[in-house]
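Peer 1: curious how this folds, go ahead:
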Amino acid sequence: MNFASVRIITGDIEPLVKFYEDITGCTVVMYTPDFAELQTSSGTLAIGSINTLALFGGQHIAEPASNRSVIIEFLVEDVDKRYEEISAVIDNTLVQAPTTMPWGNRSLLFRDPDSNLVNLFTPVTPQARQKFGLSAI
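Peer 2: Numbering: from 1, shown residues only. As a prediction, the model looks like this:
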């Protein structure tokens, strides 16, 4: 079994698509007006409108903008540089400026337009870099 993706269900897909393009620098592919994907080499972030829930059996399966327990994480080459590049985009939703965590990642935490937590991180200790198959600094 391989992990494939995480899907965000939203009431307004376009602001989320633009937001994730802005913070990642990646292109989000819109397959329909109700479904899009941001594909990376290690997994996919899918974004679906609430309309897609009807295909799973009803509108009450998921509730947009109500997440309080999941953090969407992206490994980036240099979290401090990325912070400088996107600070205007995340200024009003910043939770934590880049901070080195006890497990060796330098982490930037903020919220997307639906209030989902997003973490951009860079492994900075030898152990953390090794975990992600990165060479020593």
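Peer 1: switch to C-alpha atoms for all contacts and neighbour counts from now on
Peer 2: OK.
Peer 1: how about the residue most central in space within the chain, nearest residue that isn't a chain neighbour?
Peer 2: Centroid check for the chain by CA atoms, centre = their mean gives Ile72 as the closest residue, at 4.1 Å. Nearest non-adjacent residue to Ile72, counting by CA to CA, 6 or more residues apart in numbering: Val118, 4.7 Å away.
Peer 1: which parts of the protein are helices?
Peer 2: Counting by DSSP state H, the chain has these helices, from start to end: 13-24, 79-90, 126-131.
Peer 1: how many residues are close by Asn51?
Peer 2: 15 (other CA atoms under 10 Å).
Peer 1: which non-adjacent residue is nearest it?
Peer 2: Asp34 (6.7 Å).
Peer 1: list the contacts of Pro98.
Peer 2: For Pro98, the contacting residues are 79-80, 83, 106-109, by CA atoms under 8 Å, 6 or more residues apart in numbering.
Peer 1: can you lay out these as CSV showing distance to Ile23?
Peer 2: Below are the contacts of Pro98 laid out as CSV (distance: CA to CA, whole Å):
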residue, distance to Ile23
Val79, 11
Asp80, 13
Tyr83, 9
Arg106, 17
Ser107, 14
Leu108, 11
Leu109, 12
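Peer 1: before I go, just wanted to say thanks for your time.
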